[in-house]
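A.B. asks: I'd like to go over a predicted model; first the sequence, then the structure.
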Amino acid sequence: MVVRAWLALVEFARIRHERSRARSQLSAMTDRELQDCGMTRAEIAYELHKSAWRK
(Lines give C-alpha, C1' and ligand atoms only; values in the text may rest on other atoms or scores of the structure.)
Protein backbone atom coordinates (compact mmCIF):
# COMPACT_ATOMS: atom_id res chain seq x y z
CA MET A 1 0.00 0.00 0.00
CA VAL A 2 2.76 2.43 0.94
CA VAL A 3 4.76 1.45 -2.14
CA ARG A 4 1.80 2.20 -4.44
CA ALA A 5 1.30 5.58 -2.81
CA TRP A 6 5.01 6.37 -3.20
CA LEU A 7 4.98 5.32 -6.87
CA ALA A 8 1.90 7.47 -7.51
CA LEU A 9 3.62 10.46 -5.90
CA VAL A 10 6.76 9.92 -7.97
CA GLU A 11 4.67 9.66 -11.15
CA PHE A 12 2.81 12.86 -10.27
CA ALA A 13 6.12 14.69 -9.74
CA ARG A 14 7.47 13.38 -13.05
CA ILE A 15 4.39 14.50 -14.98
CA ARG A 16 4.39 17.90 -13.31
CA HIS A 17 8.07 18.40 -14.16
CA GLU A 18 7.48 17.31 -17.76
CA ARG A 19 4.57 19.75 -18.17
CA SER A 20 6.56 22.56 -16.58
CA ARG A 21 9.43 21.95 -18.98
CA ALA A 22 7.07 21.89 -21.98
CA ARG A 23 5.46 25.17 -20.86
CA SER A 24 8.88 26.77 -20.52
CA GLN A 25 9.83 25.65 -24.01
CA LEU A 26 6.58 27.01 -25.43
CA SER A 27 7.05 30.38 -23.74
CA ALA A 28 10.54 30.66 -25.26
CA MET A 29 9.33 30.09 -28.82
CA THR A 30 9.09 32.92 -31.34
CA ASP A 31 5.79 33.89 -32.92
CA ARG A 32 6.91 32.23 -36.15
CA GLU A 33 7.71 28.96 -34.37
CA LEU A 34 4.35 29.05 -32.61
CA GLN A 35 2.60 29.68 -35.90
CA ASP A 36 4.38 26.65 -37.38
CA CYS A 37 3.01 24.59 -34.48
CA GLY A 38 -0.47 26.04 -34.94
CA MET A 39 -0.48 27.84 -31.59
CA THR A 40 -0.97 31.44 -30.56
CA ARG A 41 0.45 33.56 -27.75
CA ALA A 42 -3.00 33.54 -26.14
CA GLU A 43 -3.00 29.74 -25.99
CA ILE A 44 0.49 29.77 -24.49
CA ALA A 45 -0.58 32.33 -21.87
CA TYR A 46 -3.53 30.11 -20.97
CA GLU A 47 -1.22 27.10 -20.57
CA LEU A 48 1.25 29.06 -18.46
CA HIS A 49 -1.46 30.20 -16.04
CA LYS A 50 -3.20 26.85 -15.66
CA SER A 51 -3.10 25.15 -12.32
CA ALA A 52 -0.57 22.34 -11.87
CA TRP A 53 -3.46 19.99 -11.14
CA ARG A 54 -4.99 20.41 -14.58
CA LYS A 55 -3.76 18.83 -17.80
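C.D. replies: Happy to help now that I have it. Treat the numbers as computed from the prediction; the structure is a model and nothing was measured.

A.B. asks: How far off centre is the helix or strand hosting Tyr46?
C.D. replies: Element membership of Tyr46, judged by DSSP states H and E, is helix 41-49. Distance of helix 41-49 from the chain centroid (CA atoms, centre = their mean, to the nearest Å) equals 11 Å.

A.B. asks: avg pLDDT for that helix?
C.D. replies: The average pLDDT within helix 41-49 is 82.

A.B. asks: who touches it?
C.D. replies: Applying CB atoms under 8 Å, 6 or more residues apart in numbering, the contact partners of helix 41-49 are 23, 26-27, 29, 31, 34. From N, CA and C alone the C-beta is placed, and that goes for glycine too.

A.B. asks: Quick check on those residues: which are buried?
C.D. replies: Those of the contacts of helix 41-49 that meet the buried threshold are 26, 34, by 16 or more other CB atoms under 10 Å.

A.B. asks: Filter the contacts of helix 41-49 down to just the ones in helices.
C.D. replies: 23, 26-27, 31, 34 (DSSP state H).

A.B. asks: Switch those residues over to a markdown table; also include pLDDT and distance to Thr40.
C.D. replies: Below are these laid out as a markdown table (pLDDT from 0 to 100; distance: CB to CB, whole Å):
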| residue | pLDDT | distance to Thr40 |
| --- | --- | --- |
| Arg23 | 82 | 15 |
| Leu26 | 85 | 11 |
| Ser27 | 83 | 13 |
| Asp31 | 89 | 9 |
| Leu34 | 90 | 7 |
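
A.B. asks: helix, strand or coil for the residue nearest the centre of the chain?
C.D. replies: When CA atoms, centre = their mean is applied to the chain, the residue found nearest the centroid is Arg19 (2.4 Å). Applying DSSP: H, G, I helix; E, B strand; the rest coil to Arg19 yields a three-state assignment of helix.
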